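Chemist: Okay, structure incoming, though there's no sequence with it:
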């Protein structure tokens, strides 16, 4: 069928564009990925690639003409259609029925859908038409009550949909109950204890016999998690969300089972999150070989802990246990701590950990883990080979999708390496079945140039995907997420925060860049707080001033990141960041100063 070429949205703020130059003429053969035309926005001129193959049948918008985002500028004959017939139809003002963008009908309103997609459903997808919406018990069923699941349920409830949320444990999922929230309580308690131990005298404070009630620290973190979980339950009641406790299983499109109960809905959203990945050949026992869930609820503080994996989870637990007086060994097979962060940030954190006598062993592989009467024994090879004995070992090498048993075999849900395969609109291969959050793998269309990009397993990404998915289903909005600019935070002390390209990656991508770096040792606010470690590092395009990357390490830098997320979304340049007045004295001034360094206008450096 004929496929319209529509004016693309090349930035978050773009509403219209000008066709500067056509690289193809009517009658030319087109392949997916071919450059069709140059399009000018208010920021830059960029090439537009073809999403379909075929023959360019008609050019609707001439060079120099301006159109709104989403309007057709040309048409490609993709099948056996005759290009001249398509051209004749458009020249008379008629639009062929086949060229209209497809939509999915939700119970209340049509949901916007992309006009073309490389995602195809397998032949096993059910061919029978679904029952009418009026026959379903619910409009939307959500399996999973974590950051994605509860957000989807609440947003659907706000939009007056009949919603069922299925969760086998406490509302809030791993993040709220066993991850993001309780770990931050422990980390802040640890930082408080560390300051008392190491800096009390400097602040004019003295004490005798400092003692730590480890069980009370753990209990406080659990109380905070319980309070927030109860808050979600309140929001469910407020917005009319029905909750079912148990393990949900997808039986097929529109059908879900919980125990011996079955439910039906027009749409099903799968949001089951992720679970800790075990070390190959080493099973978790919950006592000596543990995951993060057990690490934040140990009954007795270990004298020595070994941690395998120095990503965000591993580094955060290393920080906490060191602060409360546990001996820590941190093992990472890659070159640096926090391997996906900018190298300067990773090295800065390594120096801080070294000052605290945390035994950091990078470029070191764990070959064997054995349990012993007294705990565990690790055999290591690589840069810092040897054996380690500890009370417990925390395995923090990553997470895997929580999809075991999620779908009945007859449902034929398509998985990729255990993850639910979805397209960029979060559609699975099954009709009206959607997937969001840490349990998915996104199949990117070739024209998006996302080859090799891994879906980020982060609570805030899951939340936004869930809201986007529900709003798409309900026809409210079809806005998208820029997966190249996802903010990431690690809550060690000092904290780490980042977004976008590292300096190394930006250079590999052949960007001409300007780098601005401002140390907190030159910040009056940081010195007053006694937190001089770290810096703000900003990477800009030398050509346009576009913000390409943000990399920060220091006290409370996770709170500085949102300013730069908004700056990126609004396409702010380094000049606009510099000229926005930042209050004094604040940590945020370091953002302004780093932009000033990049532009040659820094005052305090």
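Modeler: Now that the structure is in, tell me what you want to look at. Model, not experiment: these values are computed from the prediction. Numbers count the residues shown, from 1 in each chain.
Chemist: what sits against the spatially closest residue to residue 417 that is not a sequence neighbour?
Modeler: The shortest distance from residue 417 to any residue other than its chain neighbours is 7.0 Å, reached at residue 441 (CB to CB, 6 or more residues apart in numbering). (C-beta placed from N, C-alpha, C; glycine too.) Counting by CB atoms under 8 Å, 6 or more residues apart in numbering, residue 441 makes contact with 401, 416-417, 419-422, 455.
Chemist: lowest average confidence, helix or strand, in this protein?
Modeler: Sorting the helices and strands of the chain by mean pLDDT, DSSP states H and E puts strand 104-105 at the bottom, at a mean of 30.
Chemist: Can you classify residue 360 by secondary structure?
Modeler: strand (DSSP: H, G, I helix; E, B strand; the rest coil).
Chemist: mind checking how far it is from residue 21?
Modeler: Distance of residue 360 to residue 21, given as CB to CB, to the nearest Å: 54 Å.
Chemist: ditto for residue 595
Modeler: Distance from residue 595 to residue 21, by CB to CB: 34 Å.
Chemist: between these two, which one's more packed in?
Modeler: residue 595 (31 against 12; other CB atoms under 10 Å).
Chemist: Looking at the more buried one now. What's its pLDDT?
Modeler: Note on residue 595: pLDDT of 96.
Chemist: Can I take it that it is in a helix?
Modeler: Yes. Counting by three-state DSSP, residue 595 falls inside a helix.
Chemist: Against residue 421, how distant is it?
Modeler: 40 Å.
Chemist: on that earlier part again, next, the residue nearest to residue 417: secondary structure please.
Modeler: strand.
Chemist: returning to that earlier point: can you tell me which one of the contacts of residue 441 sits lowest on pLDDT?
Modeler: The model is least sure about residue 455 among the contacts of residue 441, giving it 86.
Chemist: Excluding covalently adjacent residues, which one is nearest to that one?
Modeler: Counting by CB to CB, 6+ apart, the residue nearest residue 455 is residue 442, at 5.2 Å.
Chemist: what's the answer for residue 226, then?
Modeler: residue 170 (7.7 Å).
Chemist: just checking, the one you found touches residue 177?
Modeler: Yes. With contact defined as CB atoms under 8 Å, residue 170 counts as touching residue 177 (5.1 Å).
Chemist: Neighbour count for these two, which is higher?
Modeler: Ranked by neighbour count (other CB under 10 Å), residue 170 and residue 177 place residue 177 first, with 22 against 19.
Chemist: Hmm, the more buried one is touching residue 223, no?
Modeler: No. The criterion here is CB under 8 Å, and residue 177 misses it with residue 223 at 11.9 Å.
Chemist: what's the overlap in contacts for residue 170 and residue 177?
Modeler: 225, 229.
Chemist: so what's the backbone phi/psi at residue 30?
Modeler: phi -120, psi 140 (degrees, to the nearest 10).
Chemist: what about the nearest residue to it once chain neighbours are set aside, how many residues close to it?
Modeler: Closest residue to residue 30 apart from its sequence neighbours, by CB to CB, 6+ apart: residue 50 at 5.0 Å. Number of residues near residue 50 (other CB under 10 Å) recorded here: 22.
Chemist: you'd agree residue 50 is up against residue 78?
Modeler: No. Residue 50 is not in contact with residue 78 according to CB under 8 Å; the separation is 10.4 Å.
Chemist: quick one: the residue nearest to residue 455 and residue 397, what's the gap?
Modeler: 22 Å.
Chemist: Among those two, which residue is more densely surrounded?
Modeler: Using other CB under 10 Å, the more surrounded residue of residue 442 and residue 397 is residue 442, with 22 against 18.
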